[in-house]
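*Asks:* Sequence and predicted structure, then a few things I'm wondering about:
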Amino acid sequence: MEFEGTPLGRGRATGPAHIVSNATVDQSPGAGRVLVVGATAEWPRAHTPVDVVGLVLDASALGGPVPPGTPVVGDLPSDLFREGETVAVDGDRGTVTVSELRRVDVVTAFLQREDGRILLLRRSGRVGSFQGRWAGVSGYLEDPRAEGQAYREVREETGLLEGDLRLLRTGRVVYARDGPTVYAVRPFLFRVGRTDVRLDWEHTDSAWVAPSEIGRRPTVPNLDRAWRAVAPPGQQS
């Protein structure tokens, strides 16, 4: 499967992944490896990591020097990758490829009231994945137009109609990995005039919450990142 990130350093390379998520990047992570640097890892500003053939960063920009010619791709979180699996980094196109992963395309619609609160839905025990977790309005991408699928899911899961919604933002694809399956989430943000939702069988509960509540609840993977992809300025958390 191919992940789309941000090109930060030109070139191409393939090698086993070495994950660094919560410490200083090792100066010698191992010859021929692709270094995957998480958001909480501290970039080594005093030296350049040696023996790496490529870099994958959670960040949108480089935080230190890299060897000339090393391909670098940003905006891909480290939890998409597993230690030692083979990854191909294309710094020209801004993509990283991992073989033998199954891609599932889905949409997630965030509904927001005038006061800034957003709608979260609790998934029932009758759905096929992430039972009991909180999510936005979501579903598999079946419509040729992702926006059309988002309207359909809102209608089916909340009873709100297209006339009740105003599309505010469409975000870039957010990835969420669950074993060999990767969900490619296309997020949308709608402003709603009505707040009386009617749940279908897919959910057991609903709540209008402040966006900061996302991080305090057991949610589907990377719901916080999907929200940040469409959140208005100043409302990322």
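*Replies:* It's in.

*Asks:* Report the beta-bridge partner residues of the nearest residue in space to Y140 that is not next to it in sequence.
*Replies:* Once flanking residues are discounted, Y140 sits nearest to V106: 5.6 Å by Cβ to Cβ, 6 or more residues apart in numbering. In this view, the C-beta of every residue, glycine as well, is placed from N, C-alpha and C. V106 has these beta-bridge partners by DSSP bridges: Y140, V185.

*Asks:* V106 contacts E142, doesn't it?
*Replies:* No: look at V106 against E142 with Cβ atoms under 8 Å: they stay out of range, at 10.0 Å.

*Asks:* Of the two, which one has the most company?
*Replies:* V106 (20 against 12; other Cβ atoms under 10 Å).

*Asks:* so P71 sits right up against G11, yeah?
*Replies:* Yes: using Cβ under 8 Å, P71 makes contact with G11 at a distance of 3.8 Å.

*Asks:* which residues do those two both contact?
*Replies:* Residues touching both P71 and G11 by Cβ atoms under 8 Å, 6 or more residues apart in numbering: 54, 91-92.

*Asks:* Filter those residues down to the buried ones and express that as a PyMOL selection.
*Replies:* Paste this into PyMOL to select the buried members of the shared contacts of P71 and G11, with burial taken from 16 or more other Cβ atoms under 10 Å:
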select buried, resi 54+91
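
*Asks:* tell me which of the shared contacts of P71 and G11 is nearest to F130?
*Replies:* Using Cβ to Cβ, G54 comes nearest to F130 of the shared contacts of P71 and G11, at 32.0 Å.

*Asks:* Report all helices and strands that the helix or strand where that closest one lies contacts.
*Replies:* Assigned by DSSP states H and E, G54 falls within strand 52-57. With contacts taken as 3 or more Cβ pairs under 8 Å, 6 or more residues apart in numbering; DSSP states H and E, strand 52-57 sits against strand 6-9, strand 12-20, strand 33-37, strand 72-74, strand 86-90.

*Asks:* out of these, deepest packed?
*Replies:* strand 33-37 (a mean of 26; mean count of other Cβ atoms under 10 Å).

*Asks:* I'd like the mean pLDDT over that strand, please.
*Replies:* For strand 33-37, the mean pLDDT works out to 90.

*Asks:* what does stretch 73-81 give?
*Replies:* 93.

*Asks:* any common contacting residues for V106 and E142?
*Replies:* By Cβ under 8 Å, 6+ apart, no residue touches both V106 and E142.

*Asks:* Run through the residues that contact the residue nearest the centre of the chain.
*Replies:* Geometric centre of the chain, nearest residue: V174, 2.9 Å, by Cα atoms, centre = their mean. Counting by Cβ under 8 Å, 6+ apart, V174 makes contact with 184-185, 187, 222, 225-226, 229.

*Asks:* circling back: of P71 and G11, which one has the most company?
*Replies:* P71 (26 against 16).

*Asks:* pretty sure E156 is in a helix, no?
*Replies:* Yes: assigned with DSSP: H, G, I helix; E, B strand; the rest coil, E156 falls within a helix.

*Asks:* what about this protein, any weak spots by pLDDT?
*Replies:* Flagging of the chain using pLDDT under 70 yields the residue ranges 22-30, 42-50, 236-237.

*Asks:* swap the cut-off to 90 and go again
*Replies:* Low-confidence segments of the chain (pLDDT under 90): 20-32, 35, 37-52, 58-69, 100, 128-129, 143-144, 193-194, 232-237.

*Asks:* How is it divided into domains?
*Replies:* Under the assignment automatic domain parsing, the domains of the chain span 2-98, 102-230.

*Asks:* Tell me the span between the first and last residue of the last one.
*Replies:* Meaning domain 102-230. Chord length of domain 102-230, first to last residue, is 25 Å (Cα to Cα, to the nearest Å).
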